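Participant: Below: sequence and its predicted model.
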Amino acid sequence: MQFDRELDVKGLNCPLPILRTKKALSEMASGQILRVLATDPGAAKDFQAFARQTGNLLLSRAESDQVFEFYFKRK
């Protein structure tokens, strides 16, 4: 998937991945795509809740070698 910006929050634990994602999205234009890479095991659940609460669309999520990959579309 194509994206406009990438955010690497690997090695960080809750709440830092969410806080950094929120900051990155706030700096982006509506409709742009943010790719987030995280290793926090709770990230999948946390990012789903984050998307519901903020209105930013969680386009996809995947896991490979204990790295979670998320794509958000800025509202």
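Facilitator: The structure has been received and is ready for your questions.
Participant: Give the buried residues for stretch 7-18.
Facilitator: Neighbour-count burial for stretch 7-18, counted by 16 or more other CB atoms under 10 Å, picks out 7, 9, 12, 17, 18. Where you see a C-beta, it was placed from the backbone N, CA and C, and this is true even at glycine.
Participant: Which of those residues fall in helices?
Facilitator: With helices taken from DSSP state H, the overlap with the buried residues of stretch 7-18 comprises 17, 18.
Participant: quick one: low-confidence ranges for this structure?
Facilitator: Applying pLDDT under 70 to the chain picks out no residues at all.
Participant: As a check, name the ranges of all helices in it.
Facilitator: Under the criterion DSSP H, the chain contains helices at 16-26, 43-54.
Participant: who are the neighbours in contact with residue 53?
Facilitator: By CB atoms under 8 Å, 6 or more residues apart in numbering, the contact list for residue 53 is empty.
Participant: Leaving out the residues flanking it, which one is nearest to residue 10?
Facilitator: residue 39 (4.6 Å; CB to CB, 6 or more residues apart in numbering).
Participant: Tell me who's in contact with the one you found.
Facilitator: With contacts defined as CB under 8 Å, 6+ apart, the neighbours of residue 39 are 10, 11, 12, 66, 67, 68.
Participant: Can you lay out the buried residues of stretch 7-18 as TSV showing distance to residue 73?
Facilitator: Formatted as TSV, the buried residues of stretch 7-18 follow (distance: CB to CB, whole Å):
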residue	distance to residue 73
7	14
9	18
12	22
17	18
18	17
